[in-house]
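# Turn this into a model:
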Amino acid sequence: MAVLLVWLAWHLAVPVDFIRSDLGRHIANGRLILQGQWDVLYENFYTYTCPHYPFINHHWLFGVFCYVLWHHFGFFGLCLVYLVLELLTFVLFFRAARRHASLLLVSGVALLSFPLVSFRPEVRPEGISYFCCGLFWWMLEAHRQGRMNPRLLAAVLCLVQAFWVNMHIFFILGPFLTALFAAQACLNGEKDRFKFLVKFSFLLLAACLINPSGPKAYLALGYAASVKNYFILETQSLSFLLQAAYLPWRSFAVYVLSAIGLLGIGLLLALWRGGIRKNAAVSLLALILSLWVINSLRMIGLLSFFWILLTAYVYGGWLKAKPWPFRKTVEVILLVTGIAVSAFVNVDWKRAPWIGLTPGINRPAEFFKEHKISGPIFNNFDDGSYLIFHLYPQEKEFIDNRLEAFPREFFTKTYIPMQLDRAIWQKMEHQYHFNAIFFSLDTTPWGIKFMRDRFADLQWATVYNTDKAIIWLKRNARNAGIIKHNEIKVLYVQF
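The predicted structure is shown next:
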């Protein structure tokens, strides 16, 4: 176990691309909430374009969690605590899997999961959801085996549920997993346990109401599942990666499909041996998780931990009926394959393990502040949280990276068209009087078009240009001194 944890920690110790992550906004949320600024819970608080657009902040407590850790221990301490949380989540699922399979088999399966577990390693509120899922499963399974007192189970998991609903939108998985165990108890003829778990499921749903938005938290579930306002990678389907021009993405997509296929074969073996009634809950869970991943890449992290448990369960049961030499041969092959996969799939051997922010990632914001550049600022979607962390409250931003915090029309009729059409850009420029542009490297068609246009636009001067961010200033009297000493002449642009 210790060797696996160290090896997994190496995979997860990836520097945070602070410009593109949500972390800056989470820290800012926590700071404002602890200062008593509650509007951040209910509306699009940080922008000057849609400042009062209604927004359900379902992860507000994660912001407090991040702010407190960052305030006392810096980015290193915050990232280290999150890394430990991920490792504890792995331990929960690993130990739950050990109840159904040998150490050798579970270790091999765990190693095969490493490319999936490390797909989204940055500090995100969904990490809390993975941990809560592991805790729910571990305790519900202990109750099923008669090793957990029902009252203790109810008391602990209700507290966890009330904590979870304020941390991340996946909170609904608590009642869902409990309902799965209840359904399996019903199929197994365990009437008393079934009645208890049904009542407990409703109790958990009631615990979900303990949040600043009350019942509206449930409305956020449907909206978050359906919102497609803008193109971001995590909301794309697996077929998007399969069709991508970038070869590592296509290779990773093939691996994800292979993992789903391996789990599917194991389920067929389990159903063939034990029938549908005995394996109904795990089959339904595996099916739902697989379909979620195929439809949305952000679900890969959720699948990754459950994949350890489900795959060990289905193959562990199959191998128990096999002769010892065959069983050990399969387990050794699986372990060796897992070692190879964890060493070469979705792994960059050129990087050193790193806990904290990408070195130098704050230099664009430092340049902005050192030169006392003022707004109004036009920025792109990806760098919104970064600017919130560095510039709020002195400056508000044009947009940030929350799909649900802006109306769909803002993306389709304003944000994207103004980057593609110079006439619309000039109209928006006249409306908002932009003084500065802060633009992180953007590979969308509209982002590329916008960057090319601004480099060629004589009304704007390039004063900062790296592979992380570009800063343009309007040629006016306010910016004349900064432009004089910092202008960069861009002769050729290649995107």
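
# Could you break this protein into its assigned domains?
2-124+227-344, 363-486 (automatic domain parsing).

# Of these, which is nearest residue 353?
With respect to residue 353, and counting by CB to CB, the nearest of those is domain 2-124+227-344 at 3.7 Å. All C-beta atoms are positioned from the backbone trio N, CA, C, and that covers glycine.

# From the chain's centroid, how far away is the closest one?
Offset of domain 2-124+227-344 from its chain centre (CA atoms, centre = their mean, to the nearest Å): 9 Å.

# same thing with stretch 341-353?
Put simply, stretch 341-353 sits 20 Å off its chain's centre (CA atoms, centre = their mean).

# measure that stretch end to end?
Using CA to CA, to the nearest Å, the end-to-end distance of stretch 341-353 comes out at 18 Å.

# Kindly report the same for stretch 400-411.
Start-to-end span of stretch 400-411 (CA to CA) is 11 Å.

# for that stretch, what is the average pLDDT?
Averaging pLDDT along stretch 400-411 gives 88.

# What distance do you get for the closest residue to residue 136 other than its chain neighbours to residue 32?
Nearest residue to residue 136, sequence neighbours excluded (CB to CB, 6 or more residues apart in numbering): residue 177, at 5.0 Å. Residue 177 sits at a distance of 33 Å from residue 32 (criterion: CB to CB, to the nearest Å).

# low-confidence ranges in the stretch 351-495 of the chain?
491-495 (pLDDT under 70).

# Helices of that one, start to end?
Remark: helices assigned in the stretch 351-495 of the chain by DSSP state H, counting those that start in this stretch are 363-370, 384-391, 408-409, 417-420, 422-432, 445-456, 480-486.

# Out of these, flag the one nearest residue 45.
Across the helices of the stretch 351-495 of the chain, closest to residue 45 is helix 384-391 (CB to CB), at 9.1 Å.

# okay but residue 442 is in contact with residue 449, surely?
No: the pair residue 442 / residue 449 is not scored as a contact, 9.7 Å apart, by CB atoms under 8 Å.

# And the lowest mean pLDDT element among the helices and strands of this protein?
When the helices and strands of the chain are compared on mean pLDDT, DSSP states H and E, helix 216-226 comes out lowest with a mean of 65.

# which element follows that one toward the C-terminus?
helix 238-242 (DSSP states H and E).

# by contact count, what packs against that following helix?
Applying 3 or more CB pairs under 8 Å, 6 or more residues apart in numbering; DSSP states H and E, we find helix 238-242 packed against helix 247-278, helix 280-295.

# Buried residues in the last one, which are they?
For helix 280-295, burial by neighbour count (16 or more other CB atoms under 10 Å) applies to 280-283, 285-286, 289-290, 292-294.

# And stretch 350-357, by the same measure?
355-357.

# Go ahead and name everything in contact with that stretch.
9-10, 13-16, 18, 74-76, 79-80, 83 (CB atoms under 8 Å, 6 or more residues apart in numbering).

# Now do residue 82 against residue 297, distance only.
20 Å.

# what sits against residue 296?
Taking CB under 8 Å, 6+ apart as the test, what residue 296 contacts is 234-237.

# for residue 12, same thing?
Taking CB under 8 Å, 6+ apart as the test, what residue 12 contacts is 83, 86-87, 117-118, 121.

# Quick one: name whatever helix or strand follows the longest helix belonging to the chain.
Taking DSSP state H as the criterion, the chain has its longest helix at helix 60-98. Note on helix 60-98: by DSSP H and E, the next helix or strand toward the C-terminus is helix 103-117.

# so after that next one, what's the next helix or strand?
According to DSSP H and E, the helix or strand after helix 103-117 is helix 126-144.

# now that following helix: how far from the chain's centre is it?
The answer for helix 126-144 is 18 Å, by CA atoms, centre = their mean.

# Contacts for that helix, please.
62, 65, 82, 85-86, 88-89, 92-93, 95-96, 99, 120, 148, 150, 153, 156-157, 160, 163-164, 167-168, 170-171, 173-174, 177-178, 181, 185, 193, 298, 301-302, 305-306, 309.

# before we move on, back to that, among the helices of the stretch 351-495 of the chain, which is nearest residue 261?
Of those, nearest to residue 261 by CB to CB is helix 445-456, at 33.5 Å.

# Can you pull the poorly scored residue ranges out of the stretch 101-250 of the chain?
220-229, 245.

# again, only this time at 90
120, 146, 148, 213-250 (pLDDT under 90).

# Now render the buried residues of helix 280-295 as JSON lines, adding pLDDT and distance to residue 385.
Formatted as JSON lines, these follow (pLDDT from 0 to 100; distance: CB to CB, whole Å):
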{"residue": "280", "pLDDT": "91", "distance to residue 385": "42"}
{"residue": "281", "pLDDT": "93", "distance to residue 385": "38"}
{"residue": "282", "pLDDT": "93", "distance to residue 385": "37"}
{"residue": "283", "pLDDT": "94", "distance to residue 385": "39"}
{"residue": "285", "pLDDT": "96", "distance to residue 385": "33"}
{"residue": "286", "pLDDT": "95", "distance to residue 385": "34"}
{"residue": "289", "pLDDT": "95", "distance to residue 385": "28"}
{"residue": "290", "pLDDT": "95", "distance to residue 385": "31"}
{"residue": "292", "pLDDT": "93", "distance to residue 385": "25"}
{"residue": "293", "pLDDT": "94", "distance to residue 385": "25"}
{"residue": "294", "pLDDT": "94", "distance to residue 385": "28"}
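
# Among these, which one lies nearest to residue 485?
residue 293 (50.7 Å).
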